[in-house]
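Participant: quick check, what structure comes out for this input:
(chains A, B and C)
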Amino acid sequence: MLRPGLDKIITMIEIKNLHKSFADNKVLDGLSLKITEGTTCVIIGRSGCGKSVLLKHIEGILRPENGEVFIDGKEVGKLKGVDLNALRMRMGMVFQGGALFDSLNVAGNVGFGLIEHKHLPEKEVFERVKDSLALVGLRGIEEKMPSELSGGMKKRVALARAICIKPEIILYDEPTTGVDPITADSINELIRSLHDKLKVTSIVVTHDMRSAYKIGDKIAMLYDGKIIAEGSPEEIQNSKNPYVYQFINGLAKGPITEN
Amino acid sequence: MTFGKSHLELKVGAFVFIGLLILSFFILSIGGVKTWSSGYKVDFVFGFVNGIKDGAPLRYAGVDVGAVQDIKIFFDPKESKSKVKISCWVKKDVKIPVDSTIWVNTLGLLGEKYIEVMPGKDYKNILASNQVLVGKDPMPMQEVTELAKRIGMNLDDAFTRIKNKEGTIGKLLYDDKIYNELDAFIVDISKNPWKLFIKQKEKK
Amino acid sequence: MISQLLIKLGSKVMALLYFCGGLSNLAFQGFYLGFTPPFKTGRIIEQAKKTGIDSFPIVSLIALFIGFIFALQTAYFMQRIGSELYIASLVALSVVRELGPVITALVVAGRVGAAITAELGSMQVTEQIDALETLGTNPVKYLVVPRFIALSFMLPLLTIYADAIGIFGSYLICVFKLGISSAMYMRVTFEALLFKDLFTGLFKTIFFGMIIAFVSCYEGFNVEGGAEGVGKATRHSVVTSFILIIAADCFFTALFYFIFP
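Facilitator: Reported below is the predicted structural model:
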């Protein structure tokens, strides 16, 4: 699983026995996962099985009821204020719908983290914004407002926003959902190439198997609040686990039922 | 290069400025607050002020020209008596001669109290800022009643004596003797007008 | 049957307590973050424009009408007792002490409060609030503080305008319809007003501004369930702001009446 350029296996993200429930609904129920530095881990699972909730725990937006999330040795749930923000600045998150700020133009969105936290001169910020946009293949849209962009462009801008702060970890929440297959594939390629260029640790949450095979170094399946299977794309593809088999082949019949 | 922000400072600034202008207009127009217009301060010392209040008007020759700003009680060791110092604000262009008469007056019997300044004649000596002038004490209501009672009693006495035909007025009003004599005299004269010219001889 | 009613009552009370707790928590955070650096004046000015200047036309229109109406309604009685002149003092006192502040606050709550809830609500629904957090920005500091500071500055300011325009409206009626001389009207107006009246009228609007800001932001942050949730939260925010503004007004009126007569 070692990628070129990294000579040691370092666990970047470690999740231990994570529990979370909303009202009476148990979403995460003893989830444990380790992610090595510099790898891409794809978490697959059905819609609403708690994948986004897991990402929000890693970002520290949600606090665990039980269990811990460690990032580079720091427990996220115990951090507060400045320390938490400092950790968050080492991570970038790409939201499902882009979550671009409607009131700011593209440049304002992409440069947001820099403007708010790094006291750089405006010119330098703009250079970084331009570079980030170029990395995701966009040019000359700095002054546009998010409402003027198409769905695929929004996702790219969101990606540019995530990488603009030069993070060590990028979290993707369903990056290919809601775009056409061609755009989806170009986003997959983009994730792959960013990963190679920036040497980041990535977590991708998706239920799009094509995307999972294409970008993942490791695939983990989340079901019923736990990781029920993990391994390389080939291992998952050849898994004997009936749950995994049903999911990756998209079968209506099997052990996974409605509810 | 802007990050989705436009220049609003001017608009907001103008809005705030005009609002504050209106506010200051309000504050300056409202009665009682005249500190900001130009004028000077004078102090008046009274022995008794009959319940004058902060903000009461000051009238110079019957015209409102200022207001009471501060009322303080102090002890005057020379006369060993508590006195009241009233600080007043007076418009700049009003000149009060030092020999002016100052007293606390009342609008109507129970009306608002104010400081009345009757201008004097000594215009060579004008009251300057922060100078002190001693005012005439108003009569306390009790003394006024007392006096009225005394006057009433005296009048009553006089009228009783007049009625009792005592004294000149009493005799004049109630004694018929003068009238009768005068009447007889006129009748006599109209009958014998020559009597006026001829010295009457004593009857032999 | 009875137990069900009790459960319903209990859940309502719990919801109310939850709301109060959440609102005071947000207010506390807003105050704390509002007075800790870094201070971003740009965003405050932006919100001042949105909440203050953009509300000016509707506030002044309503204040003008209130001036007309109040002059005519007082004239009805004052003419019967033959003291039309005192319309001026009555209007001045009511507008400066009560109508100006409350009408302005209600109009702004309806206009700005609803907009804030809808804006923050859709930001919540589209995960923009979470995105702020992932970019290391406190949503309360970024979204609530500028709105709360702008509203608590702009509401007194709008009230000054509303007072002036309301008195002007009544002036128009009195001078042109009731035949009171212009100079007389102004004299009676300013004779009736005391500094205290102006102060109490403006002082409470600072709190009305805070109520509008915190209630609408709180409702916006707690939107659940997409577009429908945004609509529900907006309605709830306006209703709650109205109730709290009137309640606070009652409180301040009583306070000034009994404590600083």
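Participant: end to end on stretch A:212-228, go ahead and measure it.
Facilitator: From its first residue to its last, stretch A:212-228 covers 16 Å (C-alpha to C-alpha, to the nearest Å).
Participant: and A:Phe247, how close does it get to A:Val27?
Facilitator: Distance from A:Phe247 to A:Val27, counting by C-beta to C-beta, to the nearest Å: 18 Å. (C-beta placed from N, C-alpha, C; glycine too.)
Participant: looking at the two now, which is surrounded by more residues?
Facilitator: A:Phe247 (24 against 21; other C-beta atoms under 10 Å in any protein chain shown).
Participant: element containing that one?
Facilitator: Under the criterion of DSSP states H and E, A:Phe247 resides in helix A:242-249.
Participant: ditto for C:Met184
Facilitator: For C:Met184, the host element (DSSP H and E) is helix C:182-192.
Participant: for that helix, which positions count as buried?
Facilitator: Of all the residues in helix C:182-192, those buried under the rule 16 or more other C-beta atoms under 10 Å in any protein chain shown are C:Tyr185, C:Met186, C:Val188, C:Thr189, C:Phe190, C:Ala192.
Participant: average pLDDT across that helix?
Facilitator: The average pLDDT for helix C:182-192 rounds to 82.
Participant: for the helix or strand just after that helix, name the packing helices and strands.
Facilitator: Counting by DSSP H and E, the next helix or strand C-terminal to helix C:182-192 is helix C:195-221. In terms of contacts (3 or more C-beta pairs under 8 Å, 6 or more residues apart in numbering or on different chains; DSSP states H and E), helix C:195-221 is packed against helix B:9-29, helix C:2-34, helix C:100-108, helix C:114-125, helix C:145-176, helix C:226-258.
Participant: rerun that using 6 Å as the cut-off
Facilitator: The contact analysis (3 or more C-beta pairs under 6 Å, 6 or more residues apart in numbering or on different chains; DSSP states H and E) places helix C:195-221 against helix C:2-34, helix C:100-108, helix C:114-125, helix C:145-176, helix C:226-258.
Participant: identify whichever of the ones you listed lies nearest to A:Leu33.
Facilitator: Ranking the helices and strands packed on helix C:195-221 by distance to A:Leu33, with C-beta to C-beta as the measure, places helix C:114-125 first at 27.9 Å.
Participant: what is the mean pLDDT for the closest one?
Facilitator: 92.
Participant: that helix vs chain A: in contact?
Facilitator: No - interface with chain A: helix C:114-125 contributes nothing (C-beta under 6 Å from any C-beta of the partner chain), its closest point being 7.5 Å away.
Participant: what comes into contact with that helix?
Facilitator: Contacts to helix C:114-125, defined as C-beta atoms under 6 Å, 6 or more residues apart in numbering or on different chains, come from residues C:Ile129, C:Ser216, C:Cys217, C:Glu219, C:Gly220, C:Val223, C:Gly226, C:Val230, C:Ala233, C:Thr234, C:Ser237, C:Val238.
Participant: that helix vs helix C:145-176, what angle?
Facilitator: Orientation of helix C:114-125 against helix C:145-176 (axes from the mean of the first three to the mean of the last three C-alpha atoms, to 10 degrees) gives an angle of 160 degrees.
Participant: and the angle for helix C:114-125 with helix C:226-258?
Facilitator: If you take the same axes, to 10 degrees, helix C:114-125 sits at 140 degrees to helix C:226-258.
Participant: right, and the helix or strand after helix C:114-125?
Facilitator: Next element after helix C:114-125 (DSSP H and E): helix C:128-134.
Participant: count the neighbours of the nearest residue to B:Val94 once chain neighbours are set aside for me.
Facilitator: Nearest non-adjacent residue to B:Val94, counting by C-beta to C-beta, 6 or more residues apart in numbering or on different chains: B:Val65, 4.6 Å away. Using other C-beta under 10 Å, the number of residues around B:Val65 comes to 20.
Participant: what does the one 10 residues further on give?
Facilitator: Here the count is done by other C-beta under 10 Å, and B:Phe75 has 9 residues near it.
Participant: where does it land in three-state SS?
Facilitator: Taking DSSP: H, G, I helix; E, B strand; the rest coil as the rule, one finds B:Phe75 in the strand state.
Participant: which SS class is A:Leu28?
Facilitator: With three-state DSSP as the basis, A:Leu28 sits in strand.
Participant: so what's it up against?
Facilitator: Here A:Leu28 is in contact with A:Leu18, A:His19, A:Lys20, A:Gly50, A:Gly225 (C-beta under 6 Å, 6+ apart).
Participant: check it and give its pLDDT.
Facilitator: We note a pLDDT of 82 for A:Leu28 in this prediction.
Participant: mind listing the residues bridging to it?
Facilitator: Here A:Leu28 sits in beta bridges with A:Lys20, going by DSSP bridges.
Participant: hang on, the earlier thing: can I get the contacts of helix C:114-125 in JSON lines with neighbour count?
Facilitator: Shown next, in JSON lines, are the contacts of helix C:114-125 (neighbours: other C-beta atoms under 10 Å in any protein chain shown):
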{"residue": "C:Ile129", "neighbour count": "21"}
{"residue": "C:Ser216", "neighbour count": "31"}
{"residue": "C:Cys217", "neighbour count": "27"}
{"residue": "C:Glu219", "neighbour count": "30"}
{"residue": "C:Gly220", "neighbour count": "28"}
{"residue": "C:Val223", "neighbour count": "26"}
{"residue": "C:Gly226", "neighbour count": "12"}
{"residue": "C:Val230", "neighbour count": "23"}
{"residue": "C:Ala233", "neighbour count": "27"}
{"residue": "C:Thr234", "neighbour count": "22"}
{"residue": "C:Ser237", "neighbour count": "28"}
{"residue": "C:Val238", "neighbour count": "21"}
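Participant: show me what from the stretch 1-150 of chain C comes close to chain B.
Facilitator: Within reach of chain B by C-beta under 6 Å from any C-beta, the stretch 1-150 of chain C has these residues: C:Ile45, C:Glu46, C:Ala48, C:Lys49, C:Ile53.
Participant: try 10 Å this time
Facilitator: Contacts of the stretch 1-150 of chain C with chain B, taken as C-beta under 10 Å from any C-beta of the partner chain, map to C:41-50, C:52-54, C:56, C:92, C:96, C:150.
Participant: if any of the residues you listed are buried, give me the PyMOL selection for them.
Facilitator: Only the buried entries of these go into this PyMOL selection, using 16+ other C-beta under 10 Å:
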select buried, chain C and resi 43+44+45+46+47+48+49+50+52+53+56+92+96+150
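Participant: dump the residue contacts of C:Leu99.
Facilitator: For C:Leu99, the contact set (C-beta atoms under 10 Å, 6 or more residues apart in numbering or on different chains) comprises C:Ile62, C:Ala63, C:Ile66, C:Gly67, C:Ile69, C:Phe70, C:Val91, C:Leu93, C:Ala162, C:Asp163, C:Gly166, C:Gly201.
Participant: of these, buried ones?
Facilitator: Neighbour-count burial (16+ other C-beta under 10 Å) applied to these gives C:Ile62, C:Ala63, C:Ile66, C:Gly67, C:Phe70, C:Val91, C:Leu93, C:Ala162, C:Asp163, C:Gly166, C:Gly201.
Participant: my read: C:Phe70 touches C:Ala88, true?
Facilitator: No - counting by C-beta atoms under 10 Å, C:Phe70 stays clear of C:Ala88, with 11.0 Å between them.
Participant: what about C:Leu17, distance to C:Ser11?
Facilitator: C:Leu17 sits 11 Å away from C:Ser11, taking C-beta to C-beta as the criterion.
Participant: B:Val90: which element?
Facilitator: Assigned by DSSP H and E, B:Val90 belongs to strand B:81-91.
Participant: now do the strands in chain B.
Facilitator: Applying DSSP state E to chain B gives strands spanning B:39-46, B:57-60, B:63-76, B:81-91, B:101-106, B:113-118, B:132-134.
Participant: before we move on, back to that, quick check: which of the buried residues of helix C:182-192 are also close to chain B?
Facilitator: Subset of the buried residues of helix C:182-192 in contact with chain B: C:Met186, C:Thr189, C:Phe190, C:Ala192, counting by C-beta under 10 Å from any C-beta.
Participant: look at C:Val102 and say how many residues are nearby.
Facilitator: By other C-beta under 10 Å, 21 other residues sit near C:Val102.
Participant: where does the stretch 151-261 of chain C dip in pLDDT?
Facilitator: For the stretch 151-261 of chain C, the stretches with pLDDT under 70 are C:261.
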